[in-house]
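Asks: sequence and predicted model, in that order:
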There are 2 protein chains.
Amino acid sequence: MRSYGQYCGLARALDVVGDRWTLLIVRELLLTGSARYTDLLNGLPGIATNLLAERLRDLEEAGLVVREEAPPPVATALFRLTPRGQALEEVIAAFGRWAAPLMGEINPGDEVRPQWYLLPIRLYLRDASPDKPPMAIQLLMDGEPLLIETAGDGTLRSRPGSAESPDATLAGAPHVIMGLLAGRITLAQARKRGLHFRGEHGALRRIARRHSASRPTGPGR
Amino acid sequence: MRSYGQYCGLARALDVVGDRWTLLIVRELLLTGSARYTDLLNGLPGIATNLLAERLRDLEEAGLVVREEAPPPVATALFRLTPRGQALEEVIAAFGRWAAPLMGEINPGDEVRPQWYLLPIRLYLRDASPDKPPMAIQLLMDGEPLLIETAGDGTLRSRPGSAESPDATLAGAPHVIMGLLAGRITLAQARKRGLHFRGEHGALRRIARRHSASRPTGPGR
DNA sequence: CCGCATCCGGGGCGATACTG
DNA sequence: CAGTATCGCCCCGGATGCGG
C-alpha cells in the first residue's frame, strides 16, 4: 500500500494493515491459531486468490505472520501470527465493539462462518463462576463444531473442535446461539427459533457478558 | 467502498470506515472538535480534494459526521463528529498503541502536524496529581500553539490554543517535546536537543504515562 | 488437491486544473 | 474558501492456468 507519509501512529499503523483484506486475514489467523492457505480462502469468502497470496507475503515481510512448513504427514504450509501480529487483537476487538450496533440483522447475501464467532465469544463473554469446576460447551452451527471452555480465571477459551462429553451442547442457527449466549434472548425463545439444547442449564448460566452494560445481570435466561 | 459481505463485526466496521483516508479524517475531527474543509485539507497532507469531499459525504451518510453552517461572521461550513463518530476514538487509540513501536524515527519526507500530538497526549498521558490546583502547559512546536490542561479527575485535556499565563511553556521540536512529556528523555537531554523551557518544573512532573508499562515511575526526569 | 502466478476489465485513488 | 471536473494509473476482483 502506498504510505500516507505522516508521522502519526494511526497513519503508520494503516501503512501496515490498512490494505483491503489485511485485517480480515489477521482475524482468521487469530481464530484458528494457524491455518493453511486453503483454510484462509474458505474463511475469507470473496477474496481473490492472488490477493491472499500477496497479503500473506506483505504480512510476512512486516513481521506479523510466519510461514511454517508442516511435517511430512501433512506436508503443507501453515501460516501463523507472530506476537506482533497477535497484538492486533486489541485493534480488532475495538472494531468489534464499535460494530456491535451494526450487527442487527444478517443481510441477504452476507456470508457467515461459524468460526467468526470464536472471537466475540472470548472477547466479550466471560465465565461468571470461575471457582466452579471447568466445563465445556459444544456449539454446533453449520459446518465445523466449536468448543467453549472455561479457563479457570474467569475468561473463556474458544476453538474449533469437539469434546467427548461436553457439559452442554447447543445446536442451531449462529444468530440464535449467540443471542442466547449473550443473554439477548432466553432459552425458551431460542428453542422457539430452532435451537436444540442438551445438557446442564447451569453450564449456560455461567456464561456472562464481560462488560455487562445494558442488561442487568439477573435471572431471565 | 465495496462491502465485504460478511456477517462479522470487523468486516462490517471496515465496510464503513475501511476506505483509504477515512479513519484519518475521523482523527482530524477528533483533534479539532470541528473543522472547516480547509483545516482538514491542511491536516491531511497528501489527500486529494475530491477524495476529501467524497469521504465527508460518505461519513455524513453513515451518520458519523454532521455538516453545520457557521453563523454569518464566519459563513463557512463546519464538520463535526456525531457521538457515533466520536466512538471511533477507541479504535484509533488501539491503533495508536499498536503503532507505538513503529514511531521510532521520523522518516525523511514524513509530514508532521503539531495537532496530531493532541490525541496521544490525552489518550496516553495523565495528571499524576489530580488533587493539586489546575494547571496548563503551553506547547510551541511549529505552527499553531497547543495547550494541555488538567481536568481535575486525573485526565488531561488538550486542544489547539494559547493560555495567558501557563504554568509552563515548552518550545521545540515535536519529537523532543513528546519524548520529554512521555518521560523517555530528561529535561536536560531535551534542552540539549533544542528545547526551550520556561515555568514551573512541578508542572512537568505532574505529567505521567497512563499505562506506565516499561519504565518504572521514579525520578529521572 | 494445494498454493499460488498470470491475465484482464473496472473502479478507486492521486494529481492537477478549474469554478462559484 | 469549498469544493467539482478530468484524466491516468494502479489496485482490486474474477477467471484461468500450472507446477508440486
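Replies: Arrived safely, thanks for sending. Residues are numbered from 1 along each chain as shown, chains lettered A, B, ... in the order given.
Asks: show me what the longest helix belonging to chain A is packed against.
Replies: Looking across chain A with DSSP state H, the single longest helix is helix A:49-61. Judged by 3 or more C-beta pairs under 8 Å, 6 or more residues apart in numbering or on different chains; DSSP states H and E, helix A:49-61 is in contact with helix A:22-32, helix A:37-43, strand A:65-69. In short, each C-beta sits where N, CA and C put it, glycine included.
Asks: residues making contact with the longest one?
Replies: When contacts are defined by C-beta atoms under 8 Å, 6 or more residues apart in numbering or on different chains, helix A:22-32 is touched by residues A:17, A:35, A:39-40, A:43-44, A:47, A:52, A:55-56, A:58-59, A:64-65, A:79-81, A:85-86, A:88-89, A:91-92, A:95, A:115-116, A:118-119, A:160, B:4, B:6, B:8, B:10-11, B:14.
Asks: if you set the cut-off to 6 Å instead, what comes out?
Replies: Identification of contacts with helix A:22-32 by C-beta atoms under 6 Å, 6 or more residues apart in numbering or on different chains yields A:17, A:40, A:43-44, A:55, A:81, A:88-89, A:92, A:115, A:118-119, B:10.
Asks: got the residues of chain A near DNA strand D?
Replies: Residues of chain A lying near DNA strand D by C-beta under 7 Å from any atom of the strand: A:Met1, A:Arg2, A:Asp19, A:Arg20, A:Trp21, A:Gly46, A:Ile47, A:Ala48, A:Thr49, A:Asn50, A:Leu51, A:Glu54.
Asks: among these, name the buried ones.
Replies: Buried residues within those, counting neighbours by 16 or more other C-beta atoms under 10 Å in any protein chain shown: A:Asp19, A:Arg20, A:Trp21, A:Ile47, A:Leu51.
Asks: farthest pair within those residues?
Replies: Across those, the longest distance by C-beta to C-beta is 11.8 Å; it joins A:Asp19 and A:Ile47.
Asks: now the helices for chain A?
Replies: Under DSSP H, chain A gives helices at A:9-17, A:22-32, A:37-43, A:49-61, A:83-86, A:89-99, A:118-124, A:174-181, A:187-192, A:201-205.
Asks: contact partners of stretch A:70-90?
Replies: Counting by C-beta under 6 Å, 6+ apart, A:26, A:29-30, A:34-36, A:63-68, B:94, B:98 sit against stretch A:70-90.
Asks: who's in contact with A:Ile207?
Replies: A:Leu125, A:Leu181.
Asks: how near is it to DNA strand C?
Replies: 34 Å (C-beta to the nearest atom of the strand, to the nearest Å).
Asks: and if you look at A:Arg206?
Replies: Taking C-beta to the nearest atom of the strand, one finds A:Arg206 at 37 Å from DNA strand C.
Asks: could you do A:Asp131 as well?
Replies: 43 Å.
Asks: re the thing from before, just the buried ones from the contacts of helix A:22-32?
Replies: Neighbour counting by 16+ other C-beta under 10 Å classes A:17, A:40, A:43-44, A:55, A:81, A:88-89, A:92, A:115, A:118-119, B:10 among these as buried.
Asks: export those residues to CSV and tack on pLDDT and distance to B:Asp167?
Replies: Formatted as CSV, these follow (pLDDT from 0 to 100; distance: C-beta to C-beta, whole Å):
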residue, pLDDT, distance to B:Asp167
A:Val17, 98, 40
A:Leu40, 97, 54
A:Gly43, 96, 54
A:Leu44, 97, 53
A:Arg55, 98, 49
A:Leu81, 97, 45
A:Leu88, 98, 39
A:Glu89, 97, 40
A:Ile92, 98, 40
A:Gln115, 95, 54
A:Leu118, 96, 50
A:Leu119, 96, 46
B:Leu10, 98, 43
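Asks: export those to a markdown table and tack on distance to B:Leu156?
Replies: Putting the buried ones among the contacts of helix A:22-32 into a markdown table (distance: C-beta to C-beta, whole Å) gives the following:
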| residue | distance to B:Leu156 |
| --- | --- |
| A:Val17 | 28 |
| A:Leu40 | 42 |
| A:Gly43 | 42 |
| A:Leu44 | 41 |
| A:Arg55 | 38 |
| A:Leu81 | 34 |
| A:Leu88 | 27 |
| A:Glu89 | 27 |
| A:Ile92 | 28 |
| A:Gln115 | 41 |
| A:Leu118 | 37 |
| A:Leu119 | 33 |
| B:Leu10 | 31 |
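Asks: just those residues now: which is nearest DNA strand C?
Replies: A:Leu40 (7.8 Å; C-beta to the nearest atom of the strand).
Asks: hmm, back to that, ok, the contacts of helix A:22-32 vs A:Pro166, which is closest?
Replies: A:Leu118 (15.8 Å).
Asks: OK, contacts around that closest one?
Replies: A:Leu118 touches A:Leu31, A:Ser158, counting by C-beta under 6 Å, 6+ apart.
Asks: ok, A:Gly109 next?
Replies: A:Gly109 touches B:Gly5, counting by C-beta under 6 Å, 6+ apart.
Asks: contact partners for the residue nearest to A:Ile148 when sequence neighbours are not counted?
Replies: If the residues on either side of it in the chain are set aside, A:Ile148 comes closest to A:Ile137, at 4.4 Å by C-beta to C-beta, 6 or more residues apart in numbering or on different chains. Contacts for A:Ile137 were tallied using C-beta under 6 Å, 6+ apart; they are A:Ile148, A:Pro166, A:Ala168, A:Ala203.
Asks: and the gap between A:Ile137 and A:Arg191?
Replies: Distance of A:Ile137 to A:Arg191, computed by C-beta to C-beta, to the nearest Å: 16 Å.
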